[in-house]
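>>> from the sequence below, what's the structure:
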Amino acid sequence: MTTAPAPVEPGPTDIRGRVAELHAIREAARLGPSEKATAAQHAKGKLTARERIALLLDENSFQEVEQLRRHRATGFGLEAKKPYTDGVITGWG
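Residues are numbered from 1 along each chain as shown. Take a look at the predicted model:
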């Protein structure tokens, strides 16, 4: 006779883990699609969008909207490339 495992009650460690996961995802979104993409932008003599925002606005004054938004496009290999923010940064400062 096999007994079913007892249901796991969510505890503080589960919530802390989820919050830590959210912070990691937000940091990944803040850093951009990849270091390679950032280096390519810098090689062209350009700044990233976040770097331009930092130059234009006072520190910590930018309020971003929908930072974790991802596209739903298919075709041309887009289904494999779903960076957070999709290269668009929206907000106010």
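>>> give me the mean pLDDT for the one helix or strand Lys36 maps to.
Under the criterion of DSSP states H and E, Lys36 resides in helix 35-43. For helix 35-43, mean pLDDT rounds to 90.
>>> start at 722, not 1
That works, and once the first residue is 722, the last one we named lands at helix 756-764.
>>> now it: how far from the chain's centre is it?
Centre-to-centre, helix 756-764 and its host chain are 17 Å apart (C-alpha atoms, centre = their mean, to the nearest Å).
>>> again, but for stretch 764-780
On C-alpha atoms, centre = their mean, the centre of stretch 764-780 falls 17 Å from that of its chain.
>>> orientation of the worst-scoring helix or strand of the chain on mean pLDDT relative to helix 756-764 in degrees?
Lowest on mean pLDDT, DSSP states H and E among the helices and strands of the chain sits helix 733-752, with a mean of 83. With axes from the mean of the first three to the mean of the last three C-alpha atoms, to 10 degrees applied, the angle from helix 733-752 to helix 756-764 works out at 30 degrees.
>>> dump the C-alpha coordinates for the helix holding Lys757 into CSV.
Taking Å, rounded to 0.1, in the frame of the first residue of the first chain, the C-alpha atoms of helix 756-764 are listed here in CSV:
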residue,chain,number,x,y,z
GLU,A,756,26.8,41.3,-22.3
LYS,A,757,27.5,40.6,-26.0
ALA,A,758,24.6,42.9,-27.1
THR,A,759,25.8,45.6,-24.8
ALA,A,760,29.4,45.3,-26.0
ALA,A,761,28.1,45.5,-29.6
GLN,A,762,26.2,48.7,-28.8
HIS,A,763,29.3,50.2,-27.2
ALA,A,764,31.5,49.1,-30.2
